[in-house]
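Enquirer: Sequence first, then the predicted structure:
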Amino acid sequence: MDNKYKLIVDTFGKERFKFDEILKDYTSLEVGGPAKLFFIAFSVSELRKIIEMCRQLKLPFFIFGTGSKMMISDLGFNGLVVKNRTKNLEVISIKGKATRIGLGIEEALIEVDSGVSLTKFREFLKEQNLLSDQFLNMTGSVGGNLFTSIVLQSLCKSIKVLSSDDQVLEIAPDKLRLKQHIILSAVFRIKAI
């Protein structure tokens, strides 16, 4: 194994990696050859750390979420493939009115990690009695969809990204750029039911 890859493997532990992993098992279309090295990131800090290491070591890397909107060559990928399984969902703020009969929540701010599937996000919103219909026919993860979905961008207040120079920035949705940013999490304004 190349010394650069060995450094990454040693940092996270050999048990966290798969070598020559066939990628078709991770895509909806069931196409894709082997990844030289495969890793699943379960937290934003892991995602940041592995990306920063790849950049410092000048190793090619590719990140994906649910695999619902991508195709990978049957030749595979000669680098590190990271499956983003970051999973935090958190109500960070609520807006409403207090009356004699109780609290009336009108809107909530929800911070969602980029690896969260839209299905899981929708289920979370239902549990919190927040509107979720706007995500009804959406597949994939929050991070991947923020680059392409106007609906998701319109509900988004801010996005936490890792910039191309490894700075964590909080930006507005209209400032998001595919070749410049890796989405870590996003804050959404969601109305109550």
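Expert: Looks like it arrived, so ask away.
Enquirer: which other helices and strands contact whichever helix or strand Ser154 is part of?
Expert: Here Ser154 is covered by helix 150-155, with elements defined by DSSP states H and E. In terms of contacts (3 or more C-beta pairs under 8 Å, 6 or more residues apart in numbering; DSSP states H and E), helix 150-155 is packed against helix 142-146, strand 181-191. For glycine as for every other residue, the C-beta is placed from the backbone atoms N, C-alpha and C.
Enquirer: for those, which one sits closest to Leu130?
Expert: Between Leu130 and the helices and strands packed on helix 150-155, the shortest separation by C-beta to C-beta is 4.5 Å, and it involves strand 181-191.
Enquirer: Next up, phi/psi of the closest residue to His181 other than its chain neighbours, please.
Expert: For His181, ignoring the flanking residues on the chain, the nearest one in space by C-beta to C-beta, 6 or more residues apart in numbering is Val161 at 3.9 Å. Main-chain torsions, Val161, degrees, to the nearest 10: phi -130, psi 160.
Enquirer: and the gap between the residue sitting nearest the centre point of the chain and Phe147?
Expert: For the chain, the residue nearest the mean C-alpha position is Ser114 (2.3 Å; C-alpha atoms, centre = their mean). In this structure, Ser114 and Phe147 are 10 Å apart, going by C-beta to C-beta, to the nearest Å.
Enquirer: same deal with Ile182?
Expert: From Ile182 to Phe147 the distance is 11 Å (C-beta to C-beta).
Enquirer: So which of these two has more stuff around it?
Expert: Neighbour count, other C-beta atoms under 10 Å: between Ile182 and Phe147, Ile182 has more, with 19 against 14.
Enquirer: Leaving out chain neighbours, which residue sits closest to that one?
Expert: Closest to Ile182 by C-beta to C-beta, 6+ apart is Leu162, at 4.4 Å.
Enquirer: Please name the bridge partners of the one you found.
Expert: Residues in a beta bridge with Leu162, per DSSP bridges, are Val168, Ile182.
Enquirer: Assess the claim that it and Gln180 are in contact.
Expert: No: counting by C-beta atoms under 8 Å, Leu162 sits too far from Gln180 to count as a contact (9.9 Å).
Enquirer: who has more neighbours, those two?
Expert: Using other C-beta under 10 Å, the more surrounded residue of Leu162 and Gln180 is Leu162, with 21 against 14.
Enquirer: Nothing else from me, thank you.
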